[in-house]
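Trainee: quick check, what structure comes out for this input:
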Amino acid sequence: MDFDFTAILVIVTLLSGALALASVGLARRVGARSTGRGGHGDAASMQAQNPVIDYARSLFPLVLVVLLIRSFVFEPFRIPSASMMPGLVDGDFILVNKYAYGLRLPLLHTRFMQIGEPRRGDVVVFRMPSDPSVDLIKRLVGLPGDHVQVRDNQVYINGTLMPQRPDGDYQGSFGFHGSPLVKERFGNASHELLFAADRYPTDFDGTVPPGNYFFMGDNRNDSEDSRFAAVGYVPERNLVGPARLIWLNWRMPGWPDIGRIGVRIR
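Mentor: Here you go, the predicted structure:
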């Protein structure tokens, strides 16, 4: 069952904060009455008889810090599919930079502070336009206004071919052993692609609308991305942020792969 962990954090933060604030006001009133009668035990007695309030006061700072970090600094995600192989594999747990493209309000996703802009070649987590409860991760290929053409796995941006060169065959598992690997270059940066041997390429031709982006998976023949109607062009407000680091790999059942811990995402 899907659930919005950020929404849960917001609700818990608001409730615990309200209880903590209420306990401060109540303690002051009880303390004032106790002082007027020459006694000091009522406030302590009130706190001892309200463990829920005491728990809320302890919980509030913790959930507030977690909410702020997840909303404005880094958020963890898990890679559930093979669409970004060979760089990312099923079982990778990644950290996404939440401030690279600007700060957004939790739940509303409204950007209130601009910091940077998405760049071609970024590996980005975004909310699926047709179902925002689903998070996807793909490589940014087309910027607003770009004319994107994909022909037999060759990508053209505004008529210019993005160069590729063979890079051997994939030697890992996950059902793609022996599939061709290719190095693709966007400007001065390159990344590795996988062309699944038992799949067929999907062509595309279109112009990215203003305020939208075009994404493709690195596993080019096995990725549901902007070439397909279910994903399509992705509005700017659906962007979560660029993926930066693998902090764990654990494909269950099985054991964690410690060799992937700390691998930078390029």
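Trainee: does Pro163 touch Val182 like I think?
Mentor: No. With contacts counted by Cβ atoms under 8 Å, Pro163 stays clear of Val182, the gap being 10.1 Å. Any C-beta I mention is one placed from the backbone N, CA and C, and that applies to glycine too.
Trainee: more neighbours, those two?
Mentor: Val182 (17 against 12; other Cβ atoms under 10 Å).
Trainee: what strand or helix carries that one?
Mentor: strand 180-186 (DSSP states H and E).
Trainee: next SSE downstream of that strand?
Mentor: Assigned by DSSP H and E, the successor of strand 180-186 is strand 189-194.
Trainee: and that following strand, C-alpha only, in PDB?
Mentor: This file holds the C-alpha atoms of strand 189-194, laid out as PDB (Å, rounded to 0.1, in the frame of the first residue of the first chain):
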ATOM      1  CA  ALA A 189      30.100  14.900 -19.500                       C
ATOM      2  CA  SER A 190      29.500  11.300 -20.400                       C
ATOM      3  CA  HIS A 191      27.400   8.400 -19.000                       C
ATOM      4  CA  GLU A 192      27.000   4.700 -19.700                       C
ATOM      5  CA  LEU A 193      24.000   3.200 -21.400                       C
ATOM      6  CA  LEU A 194      22.800  -0.400 -21.700                       C
END
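Trainee: that one to strand 180-186, inter-axis angle?
Mentor: 150 degrees (axes from the mean of the first three to the mean of the last three Cα atoms, to 10 degrees).
Trainee: what is strand 189-194 packed up against?
Mentor: strand 180-186 (3 or more Cβ pairs under 8 Å, 6 or more residues apart in numbering; DSSP states H and E).
Trainee: pull up the pairing partners for the strand it packs on, direction included.
Mentor: Applying DSSP bridges, strand 180-186 is found paired with strand 164-169 (antiparallel), strand 189-194 (antiparallel).
Trainee: which parts of the last one are buried?
Mentor: When you say that, I think you mean strand 189-194. Within strand 189-194, the residues that count as buried by 16 or more other Cβ atoms under 10 Å are 190-194.
Trainee: pLDDT and distance to Ser83 added to those residues, as a markdown table?
Mentor: A markdown table is the format used below for the buried residues of strand 189-194 (pLDDT from 0 to 100; distance: Cβ to Cβ, whole Å):
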| residue | pLDDT | distance to Ser83 |
| --- | --- | --- |
| Ser190 | 96 | 19 |
| His191 | 97 | 14 |
| Glu192 | 98 | 14 |
| Leu193 | 98 | 12 |
| Leu194 | 97 | 10 |
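Trainee: looking at the residues you listed, which one is closest to Lys98?
Mentor: His191 (22.3 Å; Cβ to Cβ).
Trainee: I'd say the closest one and Met85 touch.
Mentor: No. Assessed by Cβ under 8 Å, His191 is found out of contact with Met85, at 11.9 Å.
Trainee: which residues do these two both contact?
Mentor: Shared contacts of His191 and Met85 (Cβ atoms under 8 Å, 6 or more residues apart in numbering): Asp218.
Trainee: quick one: contacts of the strand holding Val182?
Mentor: With contacts defined as Cβ under 8 Å, 6+ apart, strand 180-186 is touched by 86, 120-121, 153, 155, 162-170, 190-195, 197.
Trainee: same thing with stretch 247-261?
Mentor: Against stretch 247-261 from outside (Cβ under 8 Å, 6+ apart): 76, 89-95, 246, 262.
Trainee: and that stretch, which residues are buried?
Mentor: Buried, per 16+ other Cβ under 10 Å, within stretch 247-261: 248-249, 260.
Trainee: out of those, which is nearest to Leu67?
Mentor: Using Cβ to Cβ, the buried residues of stretch 247-261 come closest to Leu67 at Leu248, 21.8 Å.
Trainee: what's across from that closest one in the sheet?
Mentor: According to DSSP bridges, beta-bridge pairing links Leu248 with Phe93.
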